[in-house]
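K.L.:
Sequence and predicted structure, then a few things I'm wondering about:
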Amino acid sequence: MYMRRVCNFTNSNVAMLENDPLSWRMLSIILALSLTGAPKTTMFGDIVVSWRDLAGGDYINLEGDNFRFDQADLGLHHQINDFVVGYTRLSLTGGSVTPNEAWLRLEGMPYEGSFTIGKFFKPLGAPIPLASLSFPAIMLHSYSDFGAKVNFSKDAFSLELGTVNGNPLSAPATGGRVGGTAVITNANPPTTNDIDNNKEMYGRLAVNYGEDWGSLTAGVTYTEGRLASQEIDALNPGGALNFGIFGLPVNVAKRRAHLEFDLDYQKGPFRIFSEYVNAEDGRLRRKIFSLAGSYVFFYTSGAVTTTLGYDNLNINAARPNLNLPYTWNRNRLSASLQWQPYEFLSIQGEYDWNRENAIQRDGGHVDNDGITIQSIIYF
């Protein structure tokens, strides 16, 4: 299990076809080049169905109240020639189909370099559909966006530099969830109206060492940009997220700055991953810490992976508001089992203990514990 990339797109506000024309134009270009270059094309995908007992959520019912269709993916890797690679990935989620990735990459540059243009995921890569969610840190980088980037590597070091369209904060009603309660995230793909033509610059520097003691990857990623007008209206006094003092006028904060540190260690069947994020989106400030460890047991009936995880989300709201779950700080402890009897099938379950700093009117704590059982078919 690759904990750094895990996420579930169930709650993403996936753009409808008519709201994402640039994705489809990019997809058409890649397919046209693929046919022209007579490439070697490989196809793969997955289908995800789950059962949940979780407060809140926005799923497609298949049967009963808790069985859900989460998503279906179809990916195509095009080796157009020795130096040009194309990649497309279509996702069916929430009743619509979206090209989550559609990019062209030019390889063969110095220092094992490459240049990529199109719609792609930022440095930590594309999420994969697993029940073991690396929340809440993953909610800041689980979307793909249009832009251009360069990658270089030398010895143990790697560098990625890119510019992408600004990705807006998602509204609590459509945003990600921790333990069934709404949170403000950067996990949703932007629509044309949300982008405001803002651009974000980002860079990631990482080092990767491997010896008899195991392998270690450590990296730092920094994103700098400006908020869209919709975000500025929402995050300043008078908007939905009033972080001002007694509603008095304050300076309008427009800056977006995300600083992320990640650490990934693996030795044999043991793996541990940790991530810390300090996110500034105008007047909204969040500090996020995640830590997860897993161990793989190998049996004749297939591999079984056990995972324990801890997440902490701290929001700079003046005080938690019972009616506004996105103002709550929270801690989450999770335990999960994943069984993979065949290469094409994975069955997994997870239980989450969620604790928020909000007290209900009757004096009790908010109960957002939940259990998820999920099946994934790969092809």
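P.N.:
Received, thanks.

K.L.:
Against which helices or strands is the longest strand anywhere in the chain packed?
P.N.:
The residue-count maximum for a strand in the chain (DSSP state E) belongs to strand 284-299. Using 3 or more Cβ pairs under 8 Å, 6 or more residues apart in numbering; DSSP states H and E, the elements in contact with strand 284-299 are strand 270-281, strand 302-315. Where C-beta positions appear, they are placed from N, C-alpha and C, glycine not excepted.

K.L.:
how about those strands in CSV, adding distance to Phe120, mean neighbour count and mean pLDDT?
P.N.:
Output for the helices and strands packed on strand 284-299, formatted as CSV (distance: least, Cβ to Cβ, whole Å; neighbours: other Cβ atoms under 10 Å; pLDDT from 0 to 100):
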stretch, distance to Phe120, mean neighbour count, mean pLDDT
strand 270-281, 20, 20, 92
strand 302-315, 26, 19, 90
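
K.L.:
Redo the ones you listed as a markdown table? Include distance to Ala137.
P.N.:
Shown next, in a markdown table, are the helices and strands packed on strand 284-299 (distance: least, Cβ to Cβ, whole Å):
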| stretch | distance to Ala137 |
| --- | --- |
| strand 270-281 | 4 |
| strand 302-315 | 7 |
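
K.L.:
re earlier: what angle sits between the longest strand of the chain and strand 302-315?
P.N.:
170 degrees (axes from the mean of the first three to the mean of the last three Cα atoms, to 10 degrees).

K.L.:
I'd like the average pLDDT over strand 284-299.
P.N.:
Throughout strand 284-299, pLDDT has a mean value of 91.

K.L.:
for the stretch 1-150 of the chain, what are the low-confidence residue spans?
P.N.:
Counting by pLDDT under 70, the stretch 1-150 of the chain contains low-confidence ranges at 1-27, 29-39, 52-67, 94, 128-136.

K.L.:
mind listing the strands for it?
P.N.:
For the stretch 1-150 of the chain, the strands defined by DSSP state E, counting those that start in this stretch occupy 6-7, 40-53, 60-63, 67-79, 84-93, 96-109, 113-121, 128-129, 144-154.

K.L.:
between those strands, which one is nearest to Tyr310?
P.N.:
strand 6-7 (14.6 Å; Cβ to Cβ).

K.L.:
show me what contacts Pro341?
P.N.:
Residues in contact with Pro341 (Cβ atoms under 8 Å, 6 or more residues apart in numbering) are Ser301, Gly302, Ile347.

K.L.:
try 7 Å
P.N.:
Contacts for Pro341 were tallied using Cβ atoms under 7 Å, 6 or more residues apart in numbering; they are Ser301, Gly302.
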